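Student: predicted coordinates and the sequence they were generated for:
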Amino acid sequence: MKPELGLSGKPRTRDTLDLAPRFTEHDAVRLNRMFRGSSTPEMLEAVIRDGLAGDLAVVSSFGAESAVLLHLVASVDPSVPVLFLDTGKHFAETLAYRDLLTERLGLNLVVLTPDAEELAKRDETGLRWSYDPDGCCEIRKVKPLEKALANYDASFTGRKAFQAATRANLPRFEVDTSDAQGRLKINPLIDWDAGRIEGYFIQHDLPRHPLIAQGYPSIGCSPCTSQVAPGEDPRSGRWKGWDKTECGIHKPGEEPFL
């Protein structure tokens, strides 16, 4: 005879899934206040070693200034995963630079690639960037990263306020609005200016991206990255001629004023 279930006399509780977001805007505000006045290394040390933001990853394009954030994070814990989106459209110099920094800093590199089936269906010729850059970014960047970030509670970005007007009011901590998961985006270098970035490169003898010397201060996929004239916005060479300033991973207009 099978035993009777749920008849112990105690109220039976249903198993439920916790579908609440990992973090809320309140959490982001609290963290911004907590680290107000703290240096970037102090903040990174606390967030990484004390687990204040859960499971972490760095999202890096291995672009012009990426070495600074990667060096800062690796100095605290080189095992933090570094997510790199291999779109299939990168400059050869970027891939070489990625490999150089990975070896030099001992990074835990995780390479993300687009879904091969979707790529074959939606960008068979590989030219979608030329008539639909948003769609190209969605296939090659946004979707692969969205899938990967489902495994993390927070991600570090290398965004800085001086790079573009759309980034001028970003806080250190913000909630990722790309889905309902409530992950944190952490911007450790948001208040760093170009001089401070340059000083860090010199102080720690970090290698430079080889395309910087050729007039590329902001480097993305090769078809959508142009050289920038002196005095122009550093990101003005991205998607030149298009009404587009971000790839879709970061969206202008969603940055909270904190």
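Tutor: Structure's in. What do you need? As the structure is a prediction and not an experimental result, all values here were calculated from the model. Residues are numbered from 1 along each chain as shown.
Student: helix, strand or coil for the closest residue to Ile212 other than its chain neighbours?
Tutor: Residue nearest to Ile212 in three dimensions, not counting chain neighbours: Ala64, with 5.3 Å by CB to CB, 6 or more residues apart in numbering. Quick note: C-beta positions are derived from backbone N, CA and C, even for glycine. On the three-state scheme (DSSP: H, G, I helix; E, B strand; the rest coil), Ala64 is labelled coil.
Student: who's in contact with Ala64?
Tutor: Contact analysis of Ala64 by CB atoms under 8 Å, 6 or more residues apart in numbering lists Arg208, His209, Leu211, Ile212, Tyr216, Pro217, Ser218, Ile219.
Student: excluding its backbone neighbours, what's nearest the last one?
Tutor: In this case it means Ile219. For Ile219, the spatially nearest residue (CB to CB, 6+ apart) is Gly63, at 4.4 Å.
Student: please report how far that neighbour lies from Asp55.
Tutor: 24 Å (CB to CB, to the nearest Å).
Student: what about those two, which has more around it?
Tutor: Neighbours were tallied for Gly63 and for Asp55 using other CB atoms under 10 Å; the higher tally belongs to Gly63 (20 against 14).
Student: I figured that one hits Ile212, correct?
Tutor: No. Between Gly63 and Ile212 there is no contact under CB atoms under 8 Å: 9.4 Å.
Student: which SS state does Glu93 fall under?
Tutor: Counting by three-state DSSP, the backbone at Glu93 sits in helix.
Student: please point out which parts of the worst-scoring helix or strand of the chain on mean pLDDT sit buried.
Tutor: Ranked by mean pLDDT, DSSP states H and E, the weakest helix or strand in the chain is helix 133-137, scoring a mean of 88. Buried residues in helix 133-137, counted by 16 or more other CB atoms under 10 Å: Pro133, Asp134, Cys136, Cys137.
Student: for Val76, see how far away the third one is.
Tutor: When CB to CB is applied, the distance between Cys136 and Val76 equals 35 Å.
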